[in-house]
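Student: Test case, fold it:
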Amino acid sequence: MADKHTIVLMQPSPNKSSRTFVDYNSVDKAIDGICNDFERRLRELNPQLRSITYDIGDLYSWIDNMPDLSALVFEKQIMAYIPCGKEWIKSKAFTHLRRLADQAGR
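Tutor: Coordinates of the predicted model:
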């Protein structure tokens, strides 16, 4: 999955004009991009804090409360994009953040 082209579709506010997309060269980069968007939003909401910490529940709430968030992952065998929803994104985010925590703990 690491090298599958991925398009993230998001609508961060109820306003439909906030719809946007970002494409990534891999699922890992797409999930990292989603986590970075969340962290950027936390910094915007808390500019007075020097460091931001959060747990997976905070990220899940942000994902769940976003009006629209999904991904399209390219599958070479069928030459098509497979749609993936919020639950898939949350699962991949959990694995991604756990891997980063494991690397930091070494």
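
Student: give me the element the residue most central in space within the chain is part of.
Tutor: With distances taken as CA atoms, centre = their mean, I34 lies nearest the centre of the chain, 2.5 Å away. Under the assignment given by DSSP states H and E, the secondary-structure element containing I34 is helix 27-45.

Student: Distance from that helix to the middle of the chain?
Tutor: Offset of helix 27-45 from its chain centre (CA atoms, centre = their mean, to the nearest Å): 6 Å.

Student: how about low-confidence regions in the protein?
Tutor: Low-confidence segments of the chain (pLDDT under 70): 1-2.

Student: Please repeat the previous calculation with a cut-off of 80.
Tutor: Where the chain drops to pLDDT under 80, the residues are 1-2, 104-106.

Student: Helices of that one, residue ranges please.
Tutor: Secondary structure of the chain (DSSP state H): helices at 27-45, 56-65, 86-104.

Student: Any chance of CSV for those, columns distance to H5?
Tutor: The C-beta positions use only the backbone N, C-alpha and C, and glycine is treated the same way. Conversion of these to CSV gives the following (distance: least, CB to CB, whole Å):
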stretch, distance to H5
helix 27-45, 9
helix 56-65, 21
helix 86-104, 15
